[in-house]
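Trainee: Any chance you can model this:
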Amino acid sequence: MNDDDPLSIGQFARVVRLSVKQLRHYAELGLLPPAWVDPDTGYRYYRADQARDAMSIGLLRSLDVPLAAIKDVLSGQDPARALGDVRDRLDDELARRRRSLAALERILASGLPTAEVTLRREEPQRVAVVRDVADSPEDIGRVTGACVGRLLALLAAGEHGKPEEGADGLRLVGLFPVDLGEYIPITITAALPEGRPAPPGTTADLLPGGTFACATHTGPYDQISLTGHALVAWCVERGHTPTGPIRELYLNDPAVTAPDQLVTQLLIPLEETP
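Mentor: Numbering: from 1, shown residues only. Predicted coordinates:
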């Protein structure tokens, strides 16, 4: 094959291991236009020196690289820059799949999630609050971790840039909606001592009291949803109506605790009965 012998679209497709349909699609996108189109017949022809680009497209598509990124690569953009976001997306997807696999392994070992549920009273509590929004359920972990880090830093700094007494060992509470929609509001709180104002960068709020259904989750944070599933099912089965977000009370420090030993209490506020 040489440039003096242009190949028909069918011949070129066989050589570069792409289908005629794919070549037509790439031409429509301006990604790989034919070298020449016969004005009378509309037949398309390709040159030999287009084979490398064609096979590069096939290779990158087999790696789930979007066509827009492939176009950047073929136009001469630095591959590290053009493909970096693609690599990060695949890495995030791989991490999500690993979390899903770990949750499935737990279900295979222990069955569908169940939880020992109790009812308990909670008093209202003044708290310092930080809030953010996750774009999807998969983004909850990242946003929650960022909120926790921000709140701990603000509590440690205190009002005058000095560490707050007792800032270490705080029990943090995360609030998450029962229904996970397109945008997921996330709230992280820490109890404020009586008379202590909320540190700059946080908001003072009152965490409502009331009657709560409570279950304990032991294990990694990314499997809390299993216990949450069992807790919500328990409430529905007994005719209880949740009146607010699910609370997650983190009872130990993940920095010094093995993931399978982490303990988290889940609480769902229930409608008070007369």
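
Trainee: From now on I want contacts and neighbour counts done on CA atoms only, so please keep to that.
Mentor: Will do.

Trainee: What segments of the stretch 101-250 of the chain are strands?
Mentor: 118-122, 125-134, 172-176, 184-191, 203-207, 210-218, 246-250 (DSSP state E, counting those that start in this stretch).

Trainee: now those strands as a markdown table including mean pLDDT, distance to L101 and mean neighbour count?
Mentor: Written out in a markdown table, the entries for the strands of the stretch 101-250 of the chain read as follows (pLDDT from 0 to 100; distance: least, CA to CA, whole Å; neighbours: other CA atoms under 10 Å):
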| stretch | mean pLDDT | distance to L101 | mean neighbour count |
| --- | --- | --- | --- |
| strand 118-122 | 95 | 29 | 13 |
| strand 125-134 | 94 | 22 | 20 |
| strand 172-176 | 94 | 23 | 21 |
| strand 184-191 | 92 | 23 | 22 |
| strand 203-207 | 94 | 35 | 16 |
| strand 210-218 | 95 | 18 | 20 |
| strand 246-250 | 95 | 23 | 22 |
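
Trainee: nearest to R106, of those?
Mentor: When the strands of the stretch 101-250 of the chain are ranked by distance to R106, counting by CA to CA, first place goes to strand 210-218 at 11.9 Å.

Trainee: re earlier: looking at the strands of the stretch 101-250 of the chain, spot the one closest to V148.
Mentor: Between the strands of the stretch 101-250 of the chain, strand 184-191 lies closest to V148; by CA to CA that is 6.5 Å.

Trainee: returning to what we had before: output the strands of the stretch 101-250 of the chain as TSV; include the columns distance to D91.
Mentor: What follows is those, written out as TSV (distance: least, CA to CA, whole Å):
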stretch	distance to D91
strand 118-122	39
strand 125-134	19
strand 172-176	26
strand 184-191	22
strand 203-207	35
strand 210-218	27
strand 246-250	27
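
Trainee: which one of these lies closest to V20?
Mentor: If you check each of these against V20 by CA to CA, strand 125-134 wins as the nearest, at 41.9 Å.

Trainee: quick one, that closest one and strand 203-207 angle?
Mentor: Computed by axes from the mean of the first three to the mean of the last three CA atoms, to 10 degrees, the angle separating strand 125-134 from strand 203-207 equals 110 degrees.

Trainee: tell me what strand 125-134 is packed against?
Mentor: Judged by 3 or more CA pairs under 8 Å, 6 or more residues apart in numbering; DSSP states H and E, the packing partners of strand 125-134 are helix 140-157, strand 184-191, strand 203-207.

Trainee: mind checking which of the ones you listed is nearest R120?
Mentor: Relative to R120, the nearest member of the helices and strands packed on strand 125-134 by CA to CA is strand 203-207, separated by 15.4 Å.

Trainee: who touches the closest one?
Mentor: The contact list for strand 203-207, computed with CA atoms under 8 Å, 6 or more residues apart in numbering, reads P124, Q125, R126, V127, A128, V129, V130, P197, A198.

Trainee: ok, the nearest residue to the second one once chain neighbours are set aside to P185 distance?
Mentor: Just to be clear, that refers to Q125. Ranked by CA to CA, 6 or more residues apart in numbering and with sequence neighbours excluded, the top spatial neighbour of Q125 is L207, at 5.0 Å. As judged by CA to CA, to the nearest Å, L207 and P185 stand 16 Å apart.
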